[in-house]
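Student: build me a model:
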Amino acid sequence: MAVTHTSDQTFMNDIQNGLTLVDFWAPWCGPCRTIAPILDELDGELAGSAKIAKLNVDENPQISDAIGVKSIPTLVLFKDGQPVEGVVGVQSKAALKQLIEKHR
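Tutor: Numbering: from 1, shown residues only. Next up, the predicted model:
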């Protein structure tokens, strides 16, 4: 699978089925650039059991405002369209795997 780039317009469709970890980010954010390769690796290891999506907060302010994103990177795990848990800041791949496993 590949990381999905979502938007204000497609967000609800992108998170509807199963587990989706959404990375709220911006291109100017250093920590966001740090976590990007971790998310790419994790996406390859999830083998379809969960998806990873990225939402650029500068280009898509509606969803990030509605979720209450105050700093980035913020990662929120959605299960069947509903937020179940979130974390702020750079996280290790192991910590993100654990977060996803906890909600399977």
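
Student: what helix or strand is the residue nearest the centre of the chain on?
Tutor: Centrality entry for the chain: nearest residue to the mean C-alpha point is residue 22, 1.6 Å, by C-alpha atoms, centre = their mean. Here residue 22, judged by DSSP states H and E, is contained in strand 19-25.

Student: partner strands of that strand, with direction?
Tutor: Partners of strand 19-25 in the sheet, by DSSP bridges, are strand 51-56 (parallel), strand 74-79 (antiparallel).

Student: which strands and helices lie in contact with the helix ranked longest in the chain?
Tutor: Ranked by residue count and defined by DSSP state H, the top helix of the chain is helix 30-46. Helix 30-46 sits against strand 19-25, strand 51-56, helix 93-102, with contacts defined as 3 or more C-beta pairs under 8 Å, 6 or more residues apart in numbering; DSSP states H and E. Backbone N, C-alpha and C define where each C-beta goes, glycine included.

Student: residue 10: which of those is closest?
Tutor: Residue 10 sits nearest to strand 51-56 of all those, at 9.2 Å, using C-beta to C-beta.

Student: and residue 23, bridged to which residues?
Tutor: residue 54, residue 75.

Student: could you check the angle the strand holding residue 22 makes with helix 30-46?
Tutor: 160 degrees (axes from the mean of the first three to the mean of the last three C-alpha atoms, to 10 degrees).
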